[in-house]
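>>> Okay, here's the prediction I keep looking at, along with the sequence it came from:
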Amino acid sequence: MAKKTYDLLFKLLLIGDSGVGKTCILFRFSDNHFTTTFISTIGIDFKIKTVELRGKKIKLQIWDTAGQERFHTITTSYYRGAMGIMLVYDITNEKTFDDIVKWLRNIDEHANEDVEKMILGNKCDMEEKRVISKERGEAIAHEHGIRFMETSAKLNINIDRAFSELAEAILDKSAGREADADHARIAVERRPSRAPPARACCS
Amino acid sequence: MSLHKARIKAFEDILNEDVINMEQLQKLAFNGVPDEKGLRSFVWKILLHYIPQERSAWESTLLKKRQLYQQFIDEIIVSPGGPTDHPLNLSPDSSWSNYFKDNEVLLQIDKDVRRLCPDISFFQSATEFPCPEIVNSNGVKRLHKRVEQSVLKYSTLERRGLGVAKLSNEIRRNEGVNSGDYTPLNEGCEAHWEVVERMLFLYAKLNPGQGYVQGMNEIIGPIYHTFASDSNKEFRKHAEADCFFCFTNLMAEIRDFFIRTLDETESGINYMMSKLSECLKKNDRAVWEQLQRQELRPQYYSFRWLTLLLSQEFSLPDVERIWDSLFADPQRFNSLIYICCAMILLVRDNILSGDFASNVKLLQNFPPMDVSLILNKAVEISTA
């Protein structure tokens, strides 16, 4: 087995309507580039980036999903193992914002109960095309008790911050399990594709 | 005579018969169709059962189909003057509600055709043969105009039964579709992506049970590219109509991949993925076991491979070469399974030494390689 290059593995998921910029956000984060010439994501895509938080090397395994309804059966099967979910809408498109509620319901149905969530209002560089105010974004996030941020993959606004805040929230949550850290680490190393047990008792 | 010239002649010989011998043509096409003299474009039309085997019926069939397509354009795109009844008519069949539903479909298509094959400039460039009724309409009949001007939401109307005042507030200019270079061309001109948008919209309208599903753009793209690059001007001129029917025929064979409720059926995508998995198990147990052990499920990579007939995995010329073989397969799409299996076998050493992450990456971004290697391996598997 290859030498371990990280302390913890977090599995994250990007969801939201088609065309809101999920792939661009991920590309900005993982490769620090922006391009409008992306093909549409069919099914599910995958990127890895290692970040350092509080002296720990954290490997983020990030799954990028297709937005259209047809792919939901394929993509919801990934919800279960996710420790963090980023829910993205486009501030220039009303429908993508309205659908946030639908996506939240999806999370409730398919994800672990204690999954860390964050709502991102993307394309905040396009101020002249904006139809969703920042306040409306904040309000819906507040209503559901979820973190919120406006981002721009194009201008690299809040992208790194969004991922590190989400990772940090997961880290906080797993701090409770710190006592068991050595054990957890071994588990992570051996079963890299499976999320560690989310909580001691779910039911 | 060079080998290449001999191949071209072999095709021409078959195509010159009064009745084309399908079996011979399939056999020949399986090993690749030359691009010269519009051969690929023509052979695909036959393999996709658009042009009939009887030479005597070619002309009349093409004429009839091309007229029919023109009729679709007239009836579905050019003639409708927009909704006719009152916007507050809440009947699900009101022309407004249909108009809004269409626009939602159109919005999705519009997003996707502007993301079609960004590596090449073809789809952003102007077609020699724009649709005159549409490009000379002061923009009125252009499909993307409909979704750019008014993102008028059907769902909002339905849910809240809004008054007219509120309705007009909901109409927003949304010209900022972030389109990169996929900008609409000037009056009188039309880009190839606009043509693709039209075909997909007509397909969705004429197949309401299916509608438009993301990924269909990746299926129609290579067909249209092949037809619109035909060296024969007459065929180039009718590339749109011909492509529409070939796409429709091809979709009739693979449409179940795109329908969620059919995922579990024998024609659905899950069945195809499990067939691939079985094929792999049979041909290389070690690799199959490695993927099992790593819980690297077939959906992670083969969902896209199979649904899109590999069109997102390779460059366009390679995709076209692979499709020669796919279309030539009388048992479509057995060869698709073999080709996908061959791809995995060709990177087996990497998979066996790789961890979960590097293996997902490898399979989701398949390394460029000579496609003939893959196709030969696929033949090897199929005859094993």
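Right, received. Where do you want to start?

>>> check contacts around B:Asp284.
Counting by C-beta atoms under 8 Å, 6 or more residues apart in numbering or on different chains, B:Asp284 touches B:344-345, B:348. Yep, even glycine has a C-beta here, placed from its N, CA and C like the rest.

>>> So which of those residues sit within helices?
Among these, the members falling in helices (DSSP state H) are B:344-345, B:348.

>>> Show me the strands in chain A, by range?
Along chain A, the segments classed as strands by DSSP state E run A:8-15, A:44-53, A:56-65, A:84-90, A:116-122, A:147-150.

>>> so which of those gets nearest chain B?
Using C-beta to the nearest C-beta as the measure, strand A:44-53 is the one of the strands of chain A that comes nearest chain B, at 4.9 Å.

>>> CA atoms of the closest one as CSV?
Presented in CSV, the C-alpha positions along strand A:44-53 are these (Å, rounded to 0.1, in the frame of the first residue of the first chain):
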residue,chain,number,x,y,z
ILE,A,44,-20.8,11.9,-11.5
ASP,A,45,-17.2,13.3,-11.6
PHE,A,46,-14.4,13.3,-9.1
LYS,A,47,-11.6,15.4,-7.9
ILE,A,48,-9.1,15.3,-5.0
LYS,A,49,-7.4,18.1,-3.1
THR,A,50,-5.5,18.0,0.1
VAL,A,51,-5.7,21.0,2.4
GLU,A,52,-4.1,21.7,5.7
LEU,A,53,-6.3,22.6,8.7
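
>>> Partner strands of it, with direction?
Partners of strand A:44-53 in the sheet, by DSSP bridges, are strand A:56-65 (antiparallel).

>>> Distance of A:Leu104 relative to A:Gly81?
19 Å (C-beta to C-beta, to the nearest Å).

>>> Nearest to B:Tyr182, out of the strands of chain A?
strand A:84-90 (17.2 Å; C-beta to C-beta).

>>> re the thing from before, who wins for neighbours among the ones in helices among the contacts of B:Asp284?
In terms of neighbours by other C-beta atoms under 10 Å in any protein chain shown, those top out with B:Ile344 at 26 neighbours.

>>> OK, contacts around that one?
Residues near B:Ile344 by C-beta under 8 Å, 6+ apart: B:280, B:284, B:287, B:351, B:363.

>>> Taking those together, which two end up most distant?
Maximum distance among those (C-beta to C-beta): 14.0 Å, for B:Asp284 and B:Leu363.

>>> what residues does stretch B:23-33 touch?
So stretch B:23-33 is contacted by B:7, B:10-11, B:14-15, B:39-40, B:43-44, B:46-47, B:321, B:324-325, B:327-330 (C-beta under 8 Å, 6+ apart).

>>> what residues does chain A put near chain B?
A:1-2, A:18-19, A:35-40, A:42-46, A:48, A:61, A:66-74, A:77, A:92-95, A:98, A:123, A:126, A:128-129, A:131, A:192-194 (C-beta under 8 Å from any C-beta of the partner chain).

>>> Now with 6 Å, please.
Contact residues (C-beta under 6 Å from any C-beta of the partner chain) of chain A with chain B: A:2, A:19, A:36-40, A:42-43, A:46, A:48, A:68, A:70, A:73-74, A:126, A:129, A:131, A:192-193.

>>> among these, which ones are buried?
Buried residues within the residues of chain A next to chain B, counting neighbours by 16 or more other C-beta atoms under 10 Å in any protein chain shown: A:19, A:36, A:38-40, A:42-43, A:46, A:68, A:70, A:74, A:126, A:129, A:131, A:192-193.
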